[in-house]
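A.B. asks: sequence first, predicted coordinates after that:
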Amino acid sequence: MTQARRGQQVVVLGAGMVGIACALSLRQRGLEVIVIDPLGPGAATSHGNAGVLARSSLMPFNHPRLWSQLPGLLRGRSPGFRYSPLAMLGQWRWGLAFLSHAREQAFRETTTALDALIRHSGELHRRWMDAAGVAQRRRDEGWLFLYRSEAGYESGAFGRETLARFGVATATLDPHELHDLEPHLQPIFRKALWVKDASSVDSPGEIVRAYARWLVELGGQVVTSEATRLRRDSEDWSISTSDGSTLRADHVVLALGPWSRDFLQQQFSLKLPMGFERGYHRHFSPAQGATLNRPVYDTTAGYVLAPMVQGLRLTTGVELNAQQAPPRLAQLDAAERAAREALALGERTAEPDWLGSRPTLPDSRPMVGECPGQPGVWLALGHQHIGFSTGPGTGELLAQLMLGEPTTIDSSPFRPGRFLRD
């Protein structure tokens, strides 16, 4: 493993939550850091999520109960899950590998690893929001899983058992208790699970941009450009950019989220087994003063409603598709119809509908570490739909590995060598 030293130059590719977190962690250790991103901080995948920072996110999509759910999911009518058969045919190797991890041993390894990463990230988020001057954007009221029927609540028993095993604080609510917490919800939910070990923010993209401003205050740089070529020159790396300039660095961090797969293929002919959990969002003005105090997840209809500065943000479940496939708004439209049953949504705001891709590896764990066969190139990618919840911990883990420090959490579940070979 190539070790970094204080004062060395690092170029971070990607200014989402993960990339900015890596840059901050490295800069705090005395390395010279430049972040490159064509869209700027927090403008892509990190912009569009529900803003939830929750330990309940340790549950991957490919859990052991997925096998019993698979026949229904493959019919393509589930509100929380859609897929493109053509795209899945083109990614059949990834699909089979993804399903192969829906077994008990792999599930336990993944949940243990993700819980450690999420807990560490939550602690860092609190410190970083204070330091970046955006602590007022954080709410600590948890979030709610809503169930429209007793059968729906019973179907979530495995998830509740898993959260209990990890000591996640929850409480089951009856309709009256739910009304006390969220009085504007319509009385269509028979049960709710209040996940108390959770925070949320009113603008995920603004949190990333605040972290980026703090990075600049600490002496880092953020450049709006795109890396087009990496070349090894003697002892360092040459990075060509879309504006015609060339940067030199002792180390390069690849944190390009869903664009990582193609970049690794183009630059190093490495085949990264990555799928894309696409998701949509749409904003609404609350009608008749109806609002929410915390994000809510309608488990039957598969959407999340979260209060944001732009209004109420409606986010969809998963759409497995090619990253660059055209938008398919049927899932978002169905989510809107269901959400209007739950809350008095007003008109759509002027904010356009949004589509983002969540990069997912077969075991639902990110890669954090040095790229096999490419000394000085470091990977921080594959965070599926929880990059916002795991970004700071990823940045700290990567910095500790780069500088040869003892790691706060076990790094072995995230090693790049489990899917990449030199």
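C.D. replies: Arrived safely. Numbers count the residues shown, from 1 in each chain.

A.B. asks: element containing Glu347?
C.D. replies: For Glu347, the host element (DSSP states H and E) is strand 345-348.

A.B. asks: gap between that strand and the chain center?
C.D. replies: Centroid separation for strand 345-348 versus its chain: 27 Å, with C-alpha atoms, centre = their mean, to the nearest Å.

A.B. asks: next helix or strand past that strand?
C.D. replies: strand 354-360.

A.B. asks: buried residues in the helix or strand following that next one?
C.D. replies: Of the helices and strands lying after strand 354-360 in sequence (DSSP H and E), the nearest is strand 367-370. Neighbour-count burial for strand 367-370 flags Met367, Val368, Gly369, Glu370 (criterion: 16 or more other C-beta atoms under 10 Å). (Each C-beta comes from the backbone N, C-alpha and C, glycine too.)

A.B. asks: just to revisit the earlier point, neighbouring strands - and their directions - for the strand holding Glu347?
C.D. replies: strand 275-286 (antiparallel) (DSSP bridges).

A.B. asks: which outside residues touch whichever helix or strand comes after the strand it pairs with?
C.D. replies: Tracing the chain past strand 275-286, the next element assigned as helix or strand by DSSP H and E is strand 296-298. With contacts defined as C-beta atoms under 8 Å, 6 or more residues apart in numbering, strand 296-298 is touched by 143-146, 148, 182, 185, 303-306, 338-339, 342.

A.B. asks: tell me the mean pLDDT over strand 296-298?
C.D. replies: If you average the pLDDT over strand 296-298, you get 98.

A.B. asks: strands paired with that strand, and their directions?
C.D. replies: strand 143-147 (parallel), strand 303-308 (antiparallel).

A.B. asks: helices and strands around the next helix or strand after the longest one, which ones?
C.D. replies: Reading on from strand 303-308 to the C-terminus, the next helix or strand found by DSSP H and E is strand 311-315. Helices and strands in packing contact with strand 311-315 are listed as strand 275-286, strand 303-308, helix 330-342; criterion 3 or more C-beta pairs under 8 Å, 6 or more residues apart in numbering; DSSP states H and E.

A.B. asks: tabulate these (CSV), appending mean neighbour count, distance to Leu264 and mean pLDDT.
C.D. replies: Listed next are the helices and strands packed on strand 311-315 as CSV, based on neighbours: other C-beta atoms under 10 Å; distance: least, C-beta to C-beta, whole Å; pLDDT from 0 to 100:
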stretch, mean neighbour count, distance to Leu264, mean pLDDT
strand 275-286, 22, 15, 95
strand 303-308, 24, 31, 97
helix 330-342, 18, 29, 96
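
A.B. asks: and these as CSV, adding distance to Phe98?
C.D. replies: Shown next, in CSV, are the helices and strands packed on strand 311-315 (distance: least, C-beta to C-beta, whole Å):
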stretch, distance to Phe98
strand 275-286, 6
strand 303-308, 22
helix 330-342, 20
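
A.B. asks: Leu397 is nearest to which of those?
C.D. replies: Proximity to Leu397, assessed across the helices and strands packed on strand 311-315 by C-beta to C-beta, is greatest for strand 275-286 (22.4 Å).

A.B. asks: got the angle between the closest one and strand 354-360?
C.D. replies: Here the directions of strand 275-286 and strand 354-360 differ by 150 degrees (axes from the mean of the first three to the mean of the last three C-alpha atoms, to 10 degrees).

A.B. asks: what angle do strand 275-286 and helix 330-342 make?
C.D. replies: 40 degrees.

A.B. asks: export only the CA atoms of strand 275-286, formatted as PDB.
C.D. replies: Extracted in PDB, the C-alpha atoms of strand 275-286 (Å, rounded to 0.1, in the frame of the first residue of the first chain):
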ATOM      1  CA  GLY A 275     -25.500  -1.400 -10.800                       C
ATOM      2  CA  PHE A 276     -27.600   1.700 -10.600                       C
ATOM      3  CA  GLU A 277     -30.500   2.200  -8.100                       C
ATOM      4  CA  ARG A 278     -32.000   5.200  -9.800                       C
ATOM      5  CA  GLY A 279     -34.400   7.400  -7.900                       C
ATOM      6  CA  TYR A 280     -36.500  10.500  -8.500                       C
ATOM      7  CA  HIS A 281     -37.800  13.400  -6.500                       C
ATOM      8  CA  ARG A 282     -40.400  16.100  -6.800                       C
ATOM      9  CA  HIS A 283     -41.300  19.100  -4.600                       C
ATOM     10  CA  PHE A 284     -44.600  20.400  -3.300                       C
ATOM     11  CA  SER A 285     -45.900  23.400  -1.400                       C
ATOM     12  CA  PRO A 286     -47.800  22.200   1.700                       C
END
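
A.B. asks: quick one, that strand and strand 311-315 angle?
C.D. replies: 150 degrees.

A.B. asks: follow-up on the earlier one: now the two most distant members of the contacts of strand 296-298.
C.D. replies: The widest separation within the contacts of strand 296-298 (C-beta to C-beta) is 19.1 Å, between Arg148 and Ala306.

A.B. asks: right, and the helix or strand after the longest helix along the chain?
C.D. replies: The helix spanning the most residues in the chain, taking DSSP state H as the definition, is helix 104-132. Going down the chain from helix 104-132, the next helix or strand is strand 138-139, by DSSP H and E.
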